[in-house]
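Trainee: sequence plus the predicted model coming up.
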Amino acid sequence: MREYKRPPIVCVVGTSDSGKTTLLEKIIPELKTRGYRVAVVKHDVHGFDMDKEGKDSWRLKRAGADAIVVSSPTKIALIEDVDHDLTLDELRERLRLEVDIILTEGYKRESYPKIEVFRQAHGRGLLCSEEEELIAIASDSPIEVGNARWLHIDDAKAIADFLEERFSLKEKER
């Protein structure tokens, strides 16, 4: 097994319908073409259920299993009961993903570097301030907040360049 290296975590945050998922859909392929392994953690404060009623994993979970792992030659999935909303530190250490970077959708209250997705047309203010680890703002129009860099929301190449530079990704072994 390869030695585990703690990958950097970058939270993509923003108000509802600001375009967080759309931005991630643009960044991920750009990072992948550069040879990086990327994980994404989606935060859902309302809870979720991945299993479909009637499937074997659903039946085994319903029978009382505390954790179910579904494994195939090409992917794995873990469904596990937890007693609290795990922090990003807890998730990174628990899952030990062999990736170069972890991007999140959400986790605006965690103490990790954040890229805020912001659209002027929505008429809402920013969620973050520079005191809240705001490193960049992905927006459709220029905006300045402290030392946070403005990046155009549609320029996945510039955002990937920024992530490479900020987290020294090129210097890490792949």
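Mentor: Looks like it arrived, so ask away.
Trainee: every contact and neighbour count from this point should use C-alpha atoms.
Mentor: Noted.
Trainee: buried sites along the helix or strand that Ile28 is a member of?
Mentor: Element membership for Ile28, per DSSP states H and E: helix 20-33. By neighbour count with 16 or more other C-alpha atoms under 10 Å, helix 20-33 contains the buried residues 20-21, 23-24, 26-31.
Trainee: let me have the residues you listed in a markdown table, extended by distance to Arg109 and pLDDT.
Mentor: Shown next, in a markdown table, are the buried residues of helix 20-33 (distance: C-alpha to C-alpha, whole Å; pLDDT from 0 to 100):
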| residue | distance to Arg109 | pLDDT |
| --- | --- | --- |
| Lys20 | 16 | 93 |
| Thr21 | 18 | 93 |
| Leu23 | 20 | 96 |
| Leu24 | 19 | 96 |
| Lys26 | 24 | 96 |
| Ile27 | 22 | 96 |
| Ile28 | 23 | 96 |
| Pro29 | 27 | 96 |
| Glu30 | 27 | 96 |
| Leu31 | 25 | 96 |
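Trainee: out of these, which is nearest to Leu103?
Mentor: Ranked by distance to Leu103 (C-alpha to C-alpha), the buried residues of helix 20-33 are led by Leu24 at 8.1 Å.
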